[in-house]
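>>> Turn this into a model:
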Amino acid sequence: MTANSEQEFFIGWQAPLTRRVRRHFVIGLLLALTFIGATAALLAGAQRTFDPSYLEFGVQRKFSGVVSMDPYPQLVVDRAIPGGPTVHTRYLLSAPFKHGADSLVRPYSGQRVTLSGSLLYNRGAAMIEVAADSVRPASGESSEHSPPTVLGEFTFVGEIVDSKCYLGAMNPGRHLVHRACAERCISGGIPPMLLVHAADGREYLMLLSDENGGQVNRAVLGLIARPVRIRGRLEAYESILVLRANPAMYQRLD
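Okay, here's the model as predicted:
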């Protein structure tokens, strides 16, 4: 550098800034803000939205219906349509926290009861978290309802979720971020379900049972939150779908 060369640079304690330094500073600041904004927009767009699930935390409702254990604890509630037939709504049942409701309602299988609990629901499916010691025998018809409708043999690809968290106890209640929680819930007796994404963009939930209608909680623990392929017989119990298949034949796809 020669003795008469001129270089502009910034010295913090020296003022004012030269025009050239100010211009470079403003351009650099604008570029940085543009980059930060674009990055934030891309990250926000890549995030998954939360499921439309809900837990009526702290709200206790009273229910009356017939207990069914096929294949997991449910309460079948009769609803009369004015001028039409009586329809049945099925609510899955769970105990408080990460426990199934088997011990609470199995003694009343096939019987009409009253109980209290909090509702969880998501995408047309619902569960009642049964309050401890609230189940009581009730008067009225106690027979089991009509057998399920067999829809046929199908192959589905989806993700195994625990029904309680997916229906509202946690959000999100699926994917790898939720796997540890789902494993505890399902091992505690919460019914496992297969979440299937159809080609039309809709999501379908199916309770999983073995080929004889038995529970499969222990058999699916290593497959939770993983993509799986299951072929089995699909049945409809009013508003609830059940997929019967040998869990030894479930195929993990990752």
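
>>> what are the ranges of the strands in this protein?
Using DSSP state E, the strands of the chain run over residues 54-55, 61-68, 74-80, 86-95, 99-100, 112-122, 125-130, 136-137, 149-162, 192-197, 203-209, 227-237, 240-244, 251-252.

>>> Keeping just the C-alphas, turn the fourth one into CSV.
Output for strand 86-95, consisting of C-alpha atoms alone and laid out as CSV, is shown next (Å, rounded to 0.1, in the frame of the first residue of the first chain):
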residue,chain,number,x,y,z
THR,A,86,-82.2,-47.0,17.6
VAL,A,87,-78.5,-46.5,16.8
HIS,A,88,-75.5,-47.6,18.8
THR,A,89,-72.5,-45.5,19.6
ARG,A,90,-69.4,-47.2,20.8
TYR,A,91,-66.9,-45.5,23.2
LEU,A,92,-63.5,-47.1,23.8
LEU,A,93,-62.8,-47.2,27.6
SER,A,94,-59.6,-46.6,29.5
ALA,A,95,-58.6,-46.2,33.1
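
>>> Each with direction, which strands does it pair with?
strand 74-80 (antiparallel), strand 99-100 (antiparallel), strand 125-130 (parallel) (DSSP bridges).

>>> Adding mean neighbour count, distance to Gly158 and mean pLDDT, write these out as a markdown table.
In this view, the C-beta of every residue, glycine as well, is placed from N, C-alpha and C. Formatted as a markdown table, the strands paired with strand 86-95 follow (neighbours: other Cβ atoms under 10 Å; distance: least, Cβ to Cβ, whole Å; pLDDT from 0 to 100):
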| stretch | mean neighbour count | distance to Gly158 | mean pLDDT |
| --- | --- | --- | --- |
| strand 74-80 | 17 | 21 | 86 |
| strand 99-100 | 21 | 21 | 96 |
| strand 125-130 | 24 | 14 | 95 |
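
>>> Among these, which comes closest to Thr86?
Closest approach to Thr86 among these (Cβ to Cβ): strand 74-80, 5.1 Å.

>>> circling back to that earlier point, closest to Ala38 out of the strands paired with strand 86-95?
Ala38 lies closest, by Cβ to Cβ, to one member of the strands paired with strand 86-95: strand 125-130, at 39.3 Å.
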